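Participant: Got a predicted model here, sequence first, then my questions.
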Amino acid sequence: MSASTPAERRSQAMALPPLGDADDAAIKSFLDTIWAESGLAQQTLDSYRRDLEGLARWRDGSGIANADRSALFDYLAWRTREGYSPRSNARLLSALRAFHAFLLRRGVRSDDPTALLAPPKLPRSLPKALAESQIEALLAAPAVDEPLGLRDRAMLELMYASGLRVSELVNLPSTAVNLRQGVLRVTGKGSKERLVPLGEEAQHWLERYLAQSRPQLAGKRALAPLFLAASGEAPSRQEFWHLVKRYAAVAGIDPAKISPHGLRHSFATHLLNHGADLRALQMLLGHSSLSTTQIYTLVAREQLKRLHAQHHPRG
């Protein structure tokens, strides 16, 4: 039997039994506690909630706090048969481990059923970066004679120049920018702040946006977000995702081969290609561990291999 599609899995999830009161209370208590203790990002908390609620509905009222190792193994096996990716199941297992650590601390359980559950083997996937010529074409795609087009150009330039995550970009407050010093104050994962340089091109387009476009979008309202939609709110991550796809098509780039995060990957890869220090790149990206940043050295190495094979007479 073939695996179900994401749309079919969403339909199946909707058809599962509603969440019981005990499970709902346990999940809320867990999320409140780890937010207070660890300051996890809202996106991570939302993922944990979806994962735990999925398990609770699958158990159909049997409860998640008393699920044993066999039940958790069966649930992971069911998800695998239904076509959930290894990465999705690895994230679920992370949520389950955090939840059961919480239950142990509270004395709700005396054992951890996740202790002997092996995480799924994840395929090593290297970040996909655009060529520098493709980046140039993408950045030139917005119509900058229109307020939203000028905003989009400033957003794309800033994301590529500073290596921002999508959530960091769309949530920037107007107070985050220091044009005099040419730096940006970014609040990243775990509410950690970092300063990143704007770069001359990004600063130029940001100054134009702030002088010409943002006043038109804001009108007489004093609005906090740096980047504004026509509604006066900050653009959502989904809206930015769609505009990147749209401008990719204008630039002659296959929209299926680009994502907003690809701009961040391109920022990191191009910096390394031009001799950037790995520690400096780690600080710019806001990575807590250097091992996370080191994957970009593999990307650069693979590109060098391709160039060698393409251009060397004995390649």
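Facilitator: Yep, that arrived.
Participant: Tell me which stretches of the stretch 201-315 of the chain form strands.
Facilitator: In the stretch 201-315 of the chain, no strands are defined using DSSP state E, counting those that start in this stretch.
Participant: which regions of it lie under the pLDDT threshold?
Facilitator: 292, 294-315 (pLDDT under 70).
Participant: For Arg185, give the beta-bridge partners.
Facilitator: Beta-bridge partners recorded for Arg185 (DSSP bridges): Leu195.
Participant: Where does Pro113 sit: helix, strand or coil?
Facilitator: Using DSSP: H, G, I helix; E, B strand; the rest coil, the structure places Pro113 in coil.
Participant: what about it, distance to Gly61?
Facilitator: Distance, Pro113 to Gly61, using Cβ to Cβ, to the nearest Å: 19 Å. From N, CA and C alone the C-beta is placed, and that goes for glycine too.
Participant: Tell me which of these two has more neighbours.
Facilitator: Set Pro113 next to Gly61 and count neighbours by other Cβ atoms under 10 Å: Pro113 wins out with 19 against 12.
Participant: Torsion angles phi and psi at the more buried one?
Facilitator: Torsion angles at Pro113 (phi, psi; degrees, to the nearest 10) stand at phi -70, psi -10.
Participant: pretty sure it contacts Ala65?
Facilitator: No - contact status for Pro113 versus Ala65: not in contact, 10.5 Å apart, counting by Cβ atoms under 8 Å.
Participant: which residues does Asn178 bridge with?
Facilitator: Counting by DSSP bridges, Asn178 forms beta bridges with Val183.
Participant: number of nearby residues for it?
Facilitator: 12.
Participant: Ok, Val166 next?
Facilitator: The number of residues packed near Val166 is 19, by other Cβ under 10 Å.
Participant: Next up, the contacts around it.
Facilitator: Contacts for Val166 (Cβ atoms under 8 Å, 6 or more residues apart in numbering) come out as 159, 237, 240-241, 260-261.
Participant: repeat that with 10 Å
Facilitator: Val166 makes contact with 159, 236-238, 240-241, 244, 259-261, 263-264, according to Cβ atoms under 10 Å, 6 or more residues apart in numbering.
Participant: Looking at neighbours, which among the residues you listed is most surrounded?
Facilitator: Each of these was scored for neighbours by other Cβ under 10 Å, and Leu263 scores highest at 28 neighbours.
Participant: my read: that one touches Leu156, true?
Facilitator: Yes - Leu263 is within contact range of Leu156, at 7.1 Å (criterion: Cβ atoms under 10 Å).
Participant: which residues do these two both contact?
Facilitator: With Cβ under 10 Å, 6+ apart, Leu263 and Leu156 have common neighbours 135, 138-139, 169, 244.
Participant: Contacts for stretch 52-68, please.
Facilitator: Outside stretch 52-68, the residues that touch it by Cβ under 10 Å, 6+ apart are 9, 12-20, 22-27, 30-31, 71-72, 74-76, 78-79, 84, 92, 95-96, 98-100, 102-103, 106, 108-109, 111, 113-114.
Participant: Which of those are buried? Put it as a PyMOL command.
Facilitator: Here is the PyMOL selection string for the buried members of the contacts of stretch 52-68, based on 16 or more other Cβ atoms under 10 Å:
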select buried, resi 9+19+20+23+26+27+30+31+71+72+75+76+79+84+92+95+96+98+99+100+102+103+109+113+114
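Participant: after the longest helix anywhere in the chain comes which helix or strand?
Facilitator: The residue-count maximum for a helix in the chain (DSSP state H) belongs to helix 86-106. Using DSSP states H and E, the next helix or strand after helix 86-106 towards the C-terminus is helix 132-139.
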